[in-house]
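1. Here is my input, please return the structure:
(2 chains)
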Amino acid sequence: MTETETQVCTNPECDFANTGTCARGFDPIETCPEFSEAEIEDLDPGEEFDDSVSPDDQLDGVVLRPNGLISETDIVGFRNNRRMQTIVLVGEQKAGKTTLLSAIYGLFCKGPIGRYSFVESRTLKAFAERNHLALVTSNGEVPTTPRTSRADPMGFFHLRLKADDDVSDIVISDRSGEAFEAARTNTGFIERLTELALADRVCFLLDAAKLTKLETRSGYRRTFKQLIRALIDNAALRPASKIEILTTKLDRISTGPDGRDLEAEVAAYEKELHDEFAAGSHQFEMFRICALPRSNTSLGFIGLDELIERWAAPVAAIDITPIPVQAPRRQFDRLLKVWG
Amino acid sequence: MGLIMAQGIRHMAIGLQSSGKTTFAAALWYLVDSKEVPTLLSKGAHTGDFAYLETIATEWADGWQVPRTGTGQHENIRMNLKDQLTGQDVHLQFVDLPGESYERAFATRFLGNNVVEAFEEATGLMLFVSADQPRDDVTLLDLAKMLQENADEDKLLEEAMAEATFDPAKTPRQVQIVDFLQSIQDEPLYLGVERVAVIISAWDKVVAGTEPEAWLKEKLPLLNQYLGNLDAEVRIYGVSAQGGDLPDKKKGGREVERKALLSFAKATERIKVVGNGAGQHDLTHPVRWLSSLEGA
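-> Here you go, the predicted model:
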């Protein structure tokens, strides 16, 4: 870890660079008048390890293929090697993106998920990092996963899976929630979300805990839809991209301390989402998952078998049959009809 | 095929630290040299430098822990063997590298030329995992079950995130092994793995009656899935090459266990091999299969 004393805010009493918390309580940080976009570049990039090999060492050996996150620049070439499904996880801070990735990795460490077994991963170290941090930091008390910082580089995780004779490759993006929050409030940032142009599925993580908590639900109900609209209205999604709403943190709503029917509240909001977006330009589906059953462990993992089944489903072959020419004017184009 | 193999067969023994590679080599050498019990492969012509094998085999026979291969050490193990059934000569070679070489590669992606050269012309892999190591692939759900009922989750969550650090060395062993197997088959090595013999060492620690395949599926599920989907033939053996817990010669202790093992009239009867129809003490069974001599 590289310690930093960098001051990235004009307020000398604000230690956002190191704590991630705005001294004046602004969240997201972009809404703080003392913080500007340029300063984001100066943020602590987070954990860094000197895994590099010195030039002298390289003379006496070889460097194996990378096993960390696949970078934004490398993903295009990587996708060109094989047909694969690109999954983009979208959610605000603490919505559970990293937790979901850790859970998928953790479950494959225990055995197949549903019908799918593990074949290979180009990003095992990146997966291990996510899960390892979750375990080390928990100390047997609270399992959690580190929040991806906006200053962290965006990257992709990879899995090759097999069910029966079908082998599937999926890549899953991991970008900080802060970046999506910034794009929601300033759509000028959307063009920086380059992974969206590659997405076969764009998965919006709906935080059920935030949605039902009295202190947060009013704002969250509005901002969650606002982010979807921002991406659709600004043509950030390919027409063929499917939209998935993944309702997370179901363990937090399975017990209602004050008698409220929290599950009904979530269901009502899900219906609102369906009514607003299902008839839109993109295929729209909603699912419930629980990747970290913290408050109610008896729930266990929910919806992950089905999630992997959807994400890894073999992609239908592209039909390359030429489209018949209507009312052909050239004799050549009439040949098939003549011969037929 | 037989003519080609007569030129020498090279396998690689790979495994993380304390996975039993060196003990296997020591016991195998003692086994074929002593001829105390019948084996599928016997010792061939005694020509070559066997100093390292002699050293570790002597430690093994005297009931001491076989000293592990030290960091930076690189032992090229060669044995001249003869297939009892076909008379085929087998010049078995495998390289005994310290487990750190593989663990370091996970984090740094660097593989020294000594390791790279050892893989050249290797046709089979002996993959060592130990049954005497605790599981290290706990998931989030496992930890969630340990939650204290009255814990202030939000506070602990914030504290945990602030202290998060990543140590690649603590990555689960099975993940590191899978990563290494994947990597050596890709650029720049492009190693063509045809056969993998998984040697589950310290098999005496496993509940009696357990099948090696069931153990691997239960204890190292990710590795089991990976091997199941690998385009190579895979066999799994349970092996107790040592026979039990032994003391370190320099540190002493464990005298009761050592005496129990030394009470065997034939040291080779300490060896236990389980799976794939192997003879009870026959460590050469997986080697013969890896060398494509079965059915030859």
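
2. Give me the below-cutoff pLDDT ranges for the stretch 101-250 of chain B.
-> Applying pLDDT under 70 to the stretch 101-250 of chain B flags residues B:138-165.

3. all helices for it, in order.
-> Residue ranges of the helices in the stretch 101-250 of chain B, as given by DSSP state H, counting those that start in this stretch, are B:113-119, B:140-144, B:153-163, B:173-184, B:212-219, B:221-229.

4. can you map out the strands along the chain?
-> Picking chain A for this. A:61-63, A:70-71, A:85-90, A:117-120, A:155-163, A:166-174, A:201-207, A:242-248, A:284-288 (DSSP state E).

5. hmm, I had chain B in mind actually
-> Taking DSSP E as the criterion, chain B contains strands spanning B:9-15, B:41-43, B:75-83, B:89-96, B:110-112, B:124-130, B:195-201, B:233-240, B:272-274.

6. Okay, A:Lys210 and A:Leu262: tell me how far apart.
-> Applying Cβ to Cβ, to the nearest Å, the value for A:Lys210 to A:Leu262 is 12 Å. For every residue, glycine as well, the C-beta is placed using N, CA and C.

7. ok so, going back, ranking the strands of chain A by mean pLDDT, which is last?
-> For these, mean pLDDT drops lowest on strand A:61-63, to a mean of 91.

8. So is it next to chain B?
-> Yes: if you take Cβ under 8 Å from any Cβ of the partner chain as the test, strand A:61-63 does meet chain B, through A:61-63.

9. Please check these and keep the buried ones.
-> With burial judged by 16 or more other Cβ atoms under 10 Å in any protein chain shown, the buried subset of the residues of strand A:61-63 next to chain B is A:61-63.

10. Between the strands of chain A, which one is closest to B:Asp89.
-> With Cβ to Cβ, the closest approach to B:Asp89 among the strands of chain A belongs to strand A:61-63: 32.7 Å.

11. Which neighbouring elements make contact with that closest one?
-> Packing partners of strand A:61-63 (3 or more Cβ pairs under 8 Å, 6 or more residues apart in numbering or on different chains; DSSP states H and E): strand B:110-112, helix B:113-119.

12. Deepest in the core, which of the ones you listed is it.
-> Per-stretch averages of neighbours, counted by mean count of other Cβ atoms under 10 Å in any protein chain shown, single out strand B:110-112 among those, with a mean of 21.

13. Who are the contact partners of the residue nearest to B:Thr284 when sequence neighbours are not counted?
-> Nearest in space to B:Thr284, with sequence neighbours left out and distances taken as Cβ to Cβ, 6 or more residues apart in numbering or on different chains, is B:Leu41 at 3.8 Å. Under the criterion of Cβ atoms under 8 Å, 6 or more residues apart in numbering or on different chains, the contact list for B:Leu41 reads B:32, B:81-84, B:90, B:284, B:287-288, B:293.

14. Serialize those residues to JSON lines and add fields for distance to A:Ala317 and pLDDT.
-> As requested, the contacts of B:Leu41 are arranged in JSON lines below (distance: Cβ to Cβ, whole Å; pLDDT from 0 to 100):
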{"residue": "B:Val32", "distance to A:Ala317": "55", "pLDDT": "94"}
{"residue": "B:Leu81", "distance to A:Ala317": "51", "pLDDT": "88"}
{"residue": "B:Lys82", "distance to A:Ala317": "54", "pLDDT": "90"}
{"residue": "B:Asp83", "distance to A:Ala317": "49", "pLDDT": "90"}
{"residue": "B:Gln84", "distance to A:Ala317": "53", "pLDDT": "88"}
{"residue": "B:Val90", "distance to A:Ala317": "48", "pLDDT": "81"}
{"residue": "B:Thr284", "distance to A:Ala317": "49", "pLDDT": "95"}
{"residue": "B:Val287", "distance to A:Ala317": "45", "pLDDT": "92"}
{"residue": "B:Arg288", "distance to A:Ala317": "45", "pLDDT": "93"}
{"residue": "B:Leu293", "distance to A:Ala317": "44", "pLDDT": "87"}
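
15. Can you add distance to B:Glu233 and give those residues back as a markdown table?
-> Rendered in a markdown table, the data for these read as follows (distance: Cβ to Cβ, whole Å):
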| residue | distance to B:Glu233 |
| --- | --- |
| B:Val32 | 24 |
| B:Leu81 | 21 |
| B:Lys82 | 24 |
| B:Asp83 | 19 |
| B:Gln84 | 22 |
| B:Val90 | 18 |
| B:Thr284 | 18 |
| B:Val287 | 15 |
| B:Arg288 | 14 |
| B:Leu293 | 14 |
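
16. PyMOL command for the buried members of the residues you listed?
-> Entered in PyMOL, the line below selects the buried ones among those, by 16+ other Cβ under 10 Å:
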select buried, chain B and resi 32+81+83+90+284+287+288+293
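
17. quick one: pLDDT of the spatially closest residue to B:Leu283 that is not a sequence neighbour?
-> Take B:Leu283 and drop its neighbours on the chain: the residue closest to it by Cβ to Cβ, 6+ apart is B:Leu28, 4.7 Å away. The predicted structure scores B:Leu28 at 94 on the pLDDT scale.

18. quick one: B:Leu28 and chain A, what's the gap?
-> To chain A, B:Leu28 is 29 Å away according to Cβ to the nearest Cβ, to the nearest Å.

19. Same question for B:Ala51.
-> Plainly put, B:Ala51 is 26 Å away from chain A if you go by Cβ to the nearest Cβ.

20. For residue 57, report the pLDDT, please.
-> This is for chain A. Confidence per residue is given as pLDDT, and for A:Asp57 that number is 52.

21. The chain in question should be chain B.
-> For B:Ala57, the predicted pLDDT is 92.

22. So what's the residue count around it?
-> For B:Ala57, the number of neighbouring residues by other Cβ atoms under 10 Å in any protein chain shown comes to 22.

23. and it, what is it in contact with?
-> B:26-27, B:29-30, B:33.

24. quick revisit: would you check that the residue nearest to B:Leu283 makes contact with B:Pro286?
-> No: applying Cβ atoms under 8 Å, one finds B:Leu28 not in contact with B:Pro286, separated by 9.9 Å.

25. what sits against residue 175?
-> Chain wasn't specified; assuming chain A. With contacts defined as Cβ under 8 Å, 6+ apart, A:Arg175 is in contact with A:89, A:148, A:154, A:193, A:195.

26. that's the wrong chain, I meant chain B
-> If a contact means Cβ under 8 Å, 6+ apart, then B:Val175 has A:109, A:124, A:127-128, B:137, B:222 as its contacts.

27. Could I get these in TSV, plus columns for distance to B:Pro168 and neighbour count?
-> Conversion of the contacts of B:Val175 to TSV gives the following (distance: Cβ to Cβ, whole Å; neighbours: other Cβ atoms under 10 Å in any protein chain shown):
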residue	distance to B:Pro168	neighbour count
A:Cys109	16	25
A:Leu124	10	26
A:Phe127	12	26
A:Ala128	7	26
B:Asp137	15	22
B:Leu222	16	23
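
28. From the residues you listed, pick the one nearest A:Pro239.
-> A:Phe127 (31.4 Å).

29. Chain A - how does it break down into domains?
-> Taking automatic domain parsing as the reference, chain A has its domains at A:1-42, A:50-311.

30. Find me the pLDDT at A:Thr21, would you?
-> We note a pLDDT of 62 for A:Thr21 in this prediction.

31. Count residues in the vicinity of the closest residue to A:Asp207 other than its chain neighbours, would you?
-> Distances taken as Cβ to Cβ, 6+ apart put A:Ala95 closest to A:Asp207, at 4.8 Å, once the chain neighbours are dropped. The tally of other residues near A:Ala95 (other Cβ under 10 Å) stands at 24.

32. B:Thr39 versus A:Ala95, what's the distance?
-> For A:Ala95, the distance to B:Thr39 equals 60 Å [Cβ to Cβ].
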